[in-house]
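**Student:** Provide a 3D model corresponding to the input given below.
(one chain, ligands or ions: 1)
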Amino acid sequence: MSNYHIKHLEEYYQVYRKSVRNPEGFWEEIAEEHFMWRKKWDNVLSWDFSKPEVKWFEGAQLNITENCIDRHLATRGEKTAILFEPNNPSDPAEHITYNQLHQRVNKFANVLKNQGVQKGDRVCIYLPMIPELAISVLACARIGAIHSVVFAGFSSTALATRINDSDCKMVITSDGSYRGAKTIDLKGIVDEALEICPDVNTVLVVKRINTDINMVTGRDHWLQPLLDAASTDCEPEIMNAEDPLFILYTSGSTGQPKGMVHSTGGYMVYAAYTFKNVFQYREKDVYWCTADIGWITGHSYIVYGPLANGATTVMFEGVPSYPDFGRFWEVVQKHKVTQFYTAPTAIRALAKQGLELVEKYDLSSLKVLGSVGEPINEEAWHWYNDNIGKKNSPIVDTWWQTETGGIMITPIPYVTPTKPTYATLPFIGIQPALMDEEGKELKGNQVDGRLCIKYPWPSMARTIWGNHQRYKDTYFSAYKNMYFTGDGALRDEVGYYRITGRVDDVIIVSGHNLGTAPIEDAVNEHPAVAESAIVGFPHDVKGNALYGYVILKDTGESRNHDNLRKEINQIITEHIGPIAKLDKIQFTSGLPKTRSGKIMRRILRKIAGNDTSNLGDTSTLLNPEVVQDIMDNVL
Ligand code: 6R9
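**Tutor:** Below is the predicted model:
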């Protein structure tokens, strides 16, 4: 079992060196020893970042669900695969064994087939965090359909954009969802979206909240009767390693979201290998990642990574604040969770509550704590370390992206000494580089630059669905022969990395990536708005909050600003979702622009963040006078 499970620092360095000296040889060994292939590859890796084109395990054949389910049945059939913890704490948790998961995935896969879904078809999944979400993802993978999960907090317009972009013919949803004390009418949102998605001919509906909903004859079907009639046998479709497994949308700096396409073989190998090491997963552990499967964290570290290792993975339907802010800790105690993986925004929200909500519960089962989604600030890191980990569960601050498919920079717990706010060292096989703005690599330690990756890794996204040029422009054009992450980072005196934040027009709010452009597009839809600019400013729970500068059309009539603010946020909610609402909206007569007409967001960011001591050079602006005006009226 060479190199699969790293146990001490010396071994990390040794395996790391091996993995970068001979990446092909290294990944071939991992792939060969730990996965089930129907046919081995002809070639481990071919790549050319200038095209860009990357292929791992070309010629190999497999089905990822055989790796995540079937191969465990002989030894782990009665082990819990998915441990479902419902929204309401008094409802029983559900333990789905590997045997049961096998049957449920096969039945679901047969339903998809019976409904006409074929290999290569795209299926949109818009479900809350209930077992059917994981099962439908796996059912798609079983028959070679490409799943596109859309987070069930997105609005109907955002959902429709994603359905149409990848031309999905089917949507899987539920009658509604629970969210703490509230219910959400998911089916109503789907119905609204489908008004502008003419190609969707089938909607499968899971019954979750038992409400009376509208069912369109011929198009909409309750799932349960179809499952009841389906067989539990479904031969896995044999896929090529480079066949797409899924599409997952992420925000970009222009309006249209980017449908990142992930492959089958490389993605599986990397998701599984990182899971094993970053969480030091052992056979009897109960692992819990609080993310939603609608994000990449859920794909790789609730579904594929854990299941490929035969793990028990917790799926939580609820929210951290329901019925009170002790819920996470109650669940940790109840299921004796060993690895707990969450986001800094949740940690900050929980840290604001009294410690009695933590102390009520026995957290002694915990061995590893994880953080993901945004930089974790020092205060939150210490709160997490002291009160949840009791100073003896290492925190893995894992840096990665939808595009990278798996964790890229991270400590390995009990192996890498941690340092607050540092994601520390590159994971095995990952070759980071820091670049200056001129395109020169910054060598050595104690440097600060833009974070790039020099060499392919197995789970990198292969393209943007339907737009390879945009994939090239966004990730492979800023620096020659490098993947550009969009993040800034520094490397300290021992070679540890600290991620300093986005250097592009993406803002991370409560761990969610939001592009400024789509929000501005939504704001500009308001009939009274002439132009807008959105920036982020520091927020003690959300990490960043959104600040909008809005120029109103000159119509001669005066409007109530508070009403306008509400209307603008309503439009944002409809177009994107409530996560993108603006915390502050300042009405202004102008926006600082360069002579080429570009908005100088750097200045707007500083003003919004109350940091105007050094605004930098404003003399190149077309309209320097608006800067003072904006500063005088800042909220
Ligand atoms: C996995 C995920 C990606 C962006 C990424 C970066 C930020 C994620 C981080 C982090 C600092 C960490 N980010 N993890 N920043 N430290 N540990 O979150 O994917 O939703 O695509 O976001 O999130 O800015 O570029 P995604």
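**Student:** Residue numbers of this protein in contact with the ligand?
**Tutor:** Taking C-beta under 6 Å from any ligand atom as the measure of proximity, the chain contacts the ligand at 250, 295-297, 371-375, 397-402, 423, 485-487, 499, 502, 508, 513. Any C-beta I mention is one placed from the backbone N, CA and C, and that applies to glycine too.
**Student:** mind redoing it with 5 Å?
**Tutor:** 250, 372-375, 397, 399-402, 487, 499, 513 (C-beta under 5 Å from any ligand atom).
**Student:** JSON lines for these, including secondary structure, pLDDT and neighbour count?
**Tutor:** Below are the residues of the chain next to the ligand laid out as JSON lines (DSSP: H, G, I helix; E, B strand; the rest coil; pLDDT from 0 to 100; neighbours: other C-beta atoms under 10 Å):
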{"residue": "250", "secondary structure": "strand", "pLDDT": "93", "neighbour count": "18"}
{"residue": "372", "secondary structure": "strand", "pLDDT": "96", "neighbour count": "25"}
{"residue": "373", "secondary structure": "coil", "pLDDT": "92", "neighbour count": "23"}
{"residue": "374", "secondary structure": "coil", "pLDDT": "89", "neighbour count": "22"}
{"residue": "375", "secondary structure": "coil", "pLDDT": "88", "neighbour count": "21"}
{"residue": "397", "secondary structure": "strand", "pLDDT": "98", "neighbour count": "26"}
{"residue": "399", "secondary structure": "strand", "pLDDT": "98", "neighbour count": "27"}
{"residue": "400", "secondary structure": "coil", "pLDDT": "97", "neighbour count": "25"}
{"residue": "401", "secondary structure": "coil", "pLDDT": "97", "neighbour count": "18"}
{"residue": "402", "secondary structure": "coil", "pLDDT": "97", "neighbour count": "19"}
{"residue": "487", "secondary structure": "strand", "pLDDT": "94", "neighbour count": "21"}
{"residue": "499", "secondary structure": "strand", "pLDDT": "94", "neighbour count": "20"}
{"residue": "513", "secondary structure": "strand", "pLDDT": "88", "neighbour count": "20"}
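**Student:** Those: which two are farthest apart?
**Tutor:** Greatest spacing in the residues of the chain next to the ligand, by C-beta to C-beta: 250 and 397 (20.5 Å).
**Student:** Pass me the low-pLDDT residue ranges in the protein, would you?
**Tutor:** 1-2, 253-255, 596, 619-620 (pLDDT under 70).
**Student:** In it, which residue sits furthest out from the middle?
**Tutor:** The centre of the chain is farthest from one residue, residue 556, which by C-alpha atoms, centre = their mean lies 45.2 Å away.
**Student:** mind checking how far that one is from residue 274?
**Tutor:** Relative to residue 274, residue 556 is positioned 60 Å away (C-beta to C-beta, to the nearest Å).
**Student:** who are the neighbours in contact with the residue in the stretch 301-450 of the chain that the ligand sits nearest to?
**Tutor:** Using C-beta to the nearest ligand atom, the single residue of the stretch 301-450 of the chain nearest to the ligand is residue 402, 3.4 Å away. By C-beta atoms under 8 Å, 6 or more residues apart in numbering, the residues touching residue 402 are 248, 250, 260, 295-296, 461, 513.
**Student:** in the sheet, who's paired with the residue in the stretch 101-250 of the chain positioned nearest to the ligand?
**Tutor:** Closest to the ligand within the stretch 101-250 of the chain is residue 250: 5.0 Å, counting by C-beta to the nearest ligand atom. Taking DSSP bridges as the rule, residue 250 bridges to residue 258.
**Student:** pretty sure residue 398 contacts residue 372?
**Tutor:** Yes: using C-beta atoms under 8 Å, residue 398 is in contact with residue 372, at 4.9 Å.
**Student:** what touches both of the two?
**Tutor:** Joint contacts of residue 398 and residue 372 (C-beta under 8 Å, 6+ apart) are 341, 407.
**Student:** Give me the phi and psi for residue 497.
**Tutor:** Dihedral pair for residue 497: phi -100, psi 140, per degrees, to the nearest 10.
**Student:** What of the one 3 residues further on?
**Tutor:** Here the main-chain torsion angles of residue 500 (degrees, to the nearest 10) amount to phi -100, psi -10.
**Student:** Which residues are in contact with it?
**Tutor:** 375, 448, 487-490.
**Student:** residues touching residue 85, list them.
**Tutor:** By C-beta under 8 Å, 6+ apart, the residues touching residue 85 are 93, 314-318, 331, 334-335.
**Student:** If any of those are buried, put those into a ChimeraX selection.
**Tutor:** To isolate the buried members of the contacts of residue 85 in ChimeraX, using 16 or more other C-beta atoms under 10 Å:
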select :93,314,315,316,317,318,331,335
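**Student:** The contacts of residue 85 in strands, which ones?
**Tutor:** Per DSSP state E, strands hold the following members of the contacts of residue 85: 314-316.
**Student:** Any chance of CSV for those residues, columns distance to residue 528?
**Tutor:** What follows is the ones in strands among the contacts of residue 85, written out as CSV (distance: C-beta to C-beta, whole Å):
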residue, distance to residue 528
314, 47
315, 44
316, 42
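**Student:** Secondary structure element holding residue 10?
**Tutor:** Taking DSSP states H and E as the definition, one finds residue 10 inside helix 9-21.
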